[in-house]
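Student: Make a model of this:
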Amino acid sequence: MSFQIVMDNNGDTRHEFDADDPVALAEAARRFRELTENGYRAVAFNGPSGAPGELTTTFDPKTRKTIFIPQLVGG
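Tutor: Predicted coordinates:
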């Protein structure tokens, strides 16, 4: 299973999907595009637990966990 975790004002929302399920995979890809187009930064985690993530701009169905972080507003 893979996870997409979306951080927002209410905490986080977790979306689990099976990369072998074409419908779930299409929904995960759609969510990735929608969030990144709306200013979220995507950080992909593929290494062992505790390893740093990598900023990404493309959806990879092999990524085990992606965290979406909203753009910070200063002022």
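Student: before we move on, what SS does Arg30 have?
Tutor: Judged by DSSP: H, G, I helix; E, B strand; the rest coil, the three-state class of Arg30 is helix.
Student: ranges for the helices of this protein?
Tutor: Counting by DSSP state H, the chain has helices at residues 22-37.
Student: what sits against the most centrally placed residue in it?
Tutor: Nearest residue to the geometric centre of the chain (C-alpha atoms, centre = their mean): Thr66, 3.3 Å. Shown in contact with Thr66 (C-beta atoms under 8 Å, 6 or more residues apart in numbering): 2-5, 32, 42-45, 56. All C-beta atoms are positioned from the backbone trio N, CA, C, and that covers glycine.
Student: Now, the residues you listed that are in strands?
Tutor: Counting by DSSP state E, the part of the contacts of Thr66 found in strands is 2-5, 42-45, 56.
Student: before we move on, back to that, the residue nearest to the centre of the chain and Ser49, how far apart?
Tutor: Distance, Thr66 to Ser49, using C-beta to C-beta, to the nearest Å: 15 Å.
Student: rewinding a little: list only buried entries from the contacts of Thr66.
Tutor: Neighbour counting over the contacts of Thr66 (16 or more other C-beta atoms under 10 Å) leaves 2, 4-5, 32, 42-45, 56 as the buried ones.
Student: Looking at the residues you listed, which is nearest Glu16?
Tutor: Ser2 (7.2 Å; C-beta to C-beta).
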